[in-house]
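Participant: Predicted coordinates and the sequence they were generated for:
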Amino acid sequence: MDLSFTPEELAFRDEVRAFIRDNLPTDIRDRMRLGYSPRKEDQIRWQRILNKNGWAAHSWPKEYGGPGWSPVQRMIFLNENQLAPAPETLSFNITMIGPVLIQFGTEAQKSRFLPRAANLDDWWCQGFSEPGAGSDLAALKTSAKREGDHYIVNGQKIWTSTAHNADWCFVLVRTNPSAAKRQEGISFLLVDMKTPGITVRPIISIDGNHHLNEVFFDNVKVPVEMRVYEENRGWDVAKYLLGNERTGIARLGKSMERVKAAKEMAREVRFNGKPLIEDAAFRQRVAQIEVDMKALEISQYRVVSAYAKQRDGRPDPLSSVLKVKGTELLQTTTELAMDAGGPLSMEVWAKELAELNAPDDLLEASSAATGSYLFLRAASIYGGTNEIQKNILTKAVLRL
Amino acid sequence: MDFDLSDEQRLLADSVTRLLADQYGFEARKGYQKQAQGWSTELWSRFAELGLLGLPFGEDYGGFGGGPLETMLIMEQFGHALVLEPYVATVVLAGTAIREGGTNEQKQALLPQIAEGALKLAFAHGERQARYDLTDVMTTATRDGKGWVLDGAKSVVTHGDCADQLVISARTAGERDASAGITLFLVDANAPGVARRGYAMRDEQRAADIALSNVHVAEADVLGEVGDGLPVIERVVEAGIAATAAEAVGAMAAMNDLTLEYSRTREQFGKPIGSYQVVQHRLADMFMSMEQGRSMAMLAAMSVNQADSVERARSIAMAKVGVGQACRYVSQSAVQMHGGIGMTEEYAVGHYFRRCMVIERLFGDPAYYLARLSAAVE
């Protein structure tokens, strides 16, 4: 048992750190430092830089264009990338559809989609949730009826992140409404977002931004060869997708980066006549967060190290712990950064303000901190709510 | 980075687990507790036979050259069985003091005896007024010819009542709270002027308050450098925190097992209470707390021998906070999920609860270490 990184792992970390330092465009880094979500073009630009180096598809084996990293290397890469801070690779492409196609896809699907997903030539989105199927995903109703060489898809998806940017969508549809179990009538389809009959409607979230959408399917024709795996076995694919890639699920690097940003703000603002960073209550909050981050870090090492040893493909139940504790920390750390901004965190930084005032990093950082605080309320909802994670733990670990 | 155990480590953990499963059931433990010294001399001999009492000492001193990870493995099992014997006091605390501060002669004289089970020690450092401040030492040692004379009082010396010898800290120079001027002494527990009052703590483990009045100590029984005892004391406390953190993990695991089992069998409103989601989610939270605590106990064990003293102290402090907070959540929840039976003396869960309560404040509580971490925030 040894907690410290090996010399090889340390050398790898230095290599990753140096690459990001030398290749991350400064305009992207500056926006990320202020706490903004990456723009679409930032995300594409950075993922292509990574992909040129063979690193974008960080969890894929070499034969499919990934770097063939060990789980430990992957964790180091994700952490360094989040700490930089750089945009994260698009999860729909890299940790969702990529591994699904590698596991279940036909040769034609793999060769057509994998290289384009790695390079973000195709932007993917995830058509799972529906108005009546959130945590209870198997209640989904969007139907796909076979007509010759096509499925005709009708229905509605909701909470579809980045559908407005997307070229393709992987969609769960009901192909057998009379199956004995609801899970047995579901199929997994790849849908071109330009197909006639698809309407994307924006949902503005509480941070004032457009991340989410409703997606409507009105007699959308999807070729049969765009089905992944067998008809009515889509639930197996979905379960694999949700459980397969848990390295970095904790997004610890992001939390660390937010604490760093909060401390920087706290050095600039005053509280009771002295810098906020000198206030005992603020320092105690930081210390508690750092303790919790350390516990999460070690737990993440334990999960990753177990993955490295046994590759039986079953998700470690501890990964549900990482999801719950990691998202709690994302929320605590973004809250800290917002609170550090004080009254400035109430401002919505907009172009008009930029024109009125001289450039003001503190104001921008405070406003962006509030934005990420608001946006990351979603962290404990997406990818299986934290309550669902506890249900998973109850079944998988406690066997109740 | 590697979290696997070696074959030797697995063997060690297995043999301790087997011994305790066989000899340390809840009812057997009650018997040990009723013995005069509050624990079992027979089990102490078994620990010696298994090599546990010499585990962390070098082979030159009759030991097995184990490290903090080996200590972690057996302490977790001790926590699971609520072991009453003076292992932490003798092997971890006094053993570390001798290892870190002792001369070769002192090590030769003491460590093999500890390993054989022939000698028990206690670490008499804390004082009534000191709370958790390691530098708040008011017991004095004054020069007397070629030796020293000790006067003062030590409080809550764990297993101080059964110890044959005491490692006592005393001020040889400087004011109260000064870092310099603290010296460690090896003192025969029955020496003239040493008055011990033994008692059971809240968790049934034994401790003693000790009064020192005109106690003569020879120069040869100074442990470490005169006036420079604090670094050794810090190493002792760090080793103690790491060991009891692992013990707490074992106690938490036992409480979680008990609570889970209870939730499967206890029926209310016609169903096992474990079928209710409100209970299930509390159990999931308890599991998560325990696992986070386990990660922190691992951090503590892997930090004990770290060379950089600032980084080491920081990691240990973090572990102390994390494990203490996990302890409190898990033990309070375990009693709550049991309902009335969790409140009773006859049922095990309350005994784990009280052990965790004591561990939380041994060597400093989470609030104390959080305050230290807060002061060091950069």
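Facilitator: Received it, and whenever you're ready, just let me know what you need.
Participant: Grab the nearest non-local neighbour of residue B:378.
Facilitator: In this structure, residue B:378 finds its nearest non-sequential neighbour in residue A:263, 7.7 Å apart by CB to CB, 6 or more residues apart in numbering or on different chains. C-beta: built from backbone N, CA, C; applies to glycine.
Participant: For the host helix or strand of the one you found, buried residues please.
Facilitator: Assessed by DSSP states H and E, residue A:263 sits inside helix A:252-268. Across helix A:252-268, burial judged by 16 or more other CB atoms under 10 Å in any protein chain shown covers A:252-259, A:261-266.
Participant: try stretch A:373-388
Facilitator: Using 16+ other CB under 10 Å as the test for burial, stretch A:373-388 gives A:373-381, A:383-386, A:388.
Participant: cool, and stretch A:131-148?
Facilitator: Quick answer for stretch A:131-148 (16+ other CB under 10 Å): A:133-134, A:137, A:140, A:142-144.
Participant: and if you look at stretch A:115-123?
Facilitator: A:116-120, A:122-123.
Participant: And whichever helix in chain B runs longest, what does it pack against?
Facilitator: The single longest helix within chain B, with elements called by DSSP state H, is helix B:230-265. If contacts are counted by 3 or more CB pairs under 8 Å, 6 or more residues apart in numbering or on different chains; DSSP states H and E, helix B:230-265 sits against helix B:68-81, helix B:95-101, strand B:182-188, strand B:271-272, helix B:277-303, helix B:309-338, helix B:348-361.
Participant: got the contact list for whichever helix or strand comes after that helix?
Facilitator: Downstream of helix B:230-265, the next assigned helix or strand under DSSP H and E is strand B:267-268. Residues outside strand B:267-268 that contact it (CB atoms under 8 Å, 6 or more residues apart in numbering or on different chains) are residue B:273.
Participant: Show me how far strand B:267-268 is from its chain's centre.
Facilitator: On the basis of CA atoms, centre = their mean, to the nearest Å, strand B:267-268 sits 39 Å off its chain's mean C-alpha point.
Participant: What strands line up against that strand, and which way round?
Facilitator: strand B:271-272 (antiparallel) (DSSP bridges).
Participant: and the partner strand, how far out from the chain's middle?
Facilitator: The chain centre lies 39 Å from the centre of strand B:271-272; the measure is CA atoms, centre = their mean.
Participant: just stretch B:43-58 next, same as before
Facilitator: Here the centre of stretch B:43-58 is set off from its chain's centre by 16 Å, with CA atoms, centre = their mean.
Participant: Likewise for stretch A:11-22?
Facilitator: Centroid separation between stretch A:11-22 and its chain, computed with CA atoms, centre = their mean, is 22 Å.
Participant: can you check stretch A:327-334 too?
Facilitator: 15 Å.
Participant: Show me which pair in the buried residues of stretch A:131-148 is furthest apart.
Facilitator: A:134 and A:144 (20.4 Å; CB to CB).
Participant: and residue A:331, what is it in contact with?
Facilitator: If you count contacts by CB under 8 Å, 6+ apart, then residue A:331 has A:373, A:376-377, A:379-380 around it.
Participant: again, but for residue B:94
Facilitator: B:114, B:121-123, B:165, B:167.
Participant: Which ones among the buried residues of stretch A:131-148 map onto helices?
Facilitator: Going by DSSP H, the helices hold none of the buried residues of stretch A:131-148.
Participant: Can you flag which of the residues you listed belong to strands?
Facilitator: Using DSSP state E, the subset of the buried residues of stretch A:131-148 located in strands is A:143-144.
Participant: Nearest to residue A:362 among the buried residues of stretch A:131-148?
Facilitator: Comparing these against residue A:362 with CB to CB places residue A:134 closest, at 38.3 Å.
Participant: the strands in the stretch 51-200 of chain B, which residues?
Facilitator: For the stretch 51-200 of chain B, the strands defined by DSSP state E, counting those that start in this stretch cover B:121-124, B:140-144, B:147-158, B:165-171, B:182-188, B:194-200.
Participant: neighbours of residue A:192, just the number please.
Facilitator: Neighbours of residue A:192 under the rule other CB atoms under 10 Å in any protein chain shown: 16.
Participant: and if you look at residue A:16?
Facilitator: Counted with other CB under 10 Å, residue A:16 comes out at 19.
Participant: Quick one: residues contacting it.
Facilitator: By CB under 8 Å, 6+ apart, the contact set of residue A:16 is A:76-77, A:80-81.
Participant: that older thread, next, format the buried residues of helix A:252-268 as TSV and append pLDDT and distance to residue B:83.
Facilitator: Below are these laid out as TSV (pLDDT from 0 to 100; distance: CB to CB, whole Å):
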residue	pLDDT	distance to residue B:83
A:252	93	36
A:253	92	40
A:254	92	42
A:255	95	38
A:256	95	39
A:257	93	44
A:258	94	43
A:259	96	39
A:261	93	47
A:262	96	44
A:263	96	43
A:264	94	48
A:265	95	49
A:266	96	46
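Participant: possible to save the residues you listed as TSV with distance to residue B:135?
Facilitator: Output for the buried residues of helix A:252-268, formatted as TSV (distance: CB to CB, whole Å):
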residue	distance to residue B:135
A:252	36
A:253	38
A:254	40
A:255	35
A:256	33
A:257	37
A:258	36
A:259	31
A:261	36
A:262	33
A:263	29
A:264	34
A:265	35
A:266	30
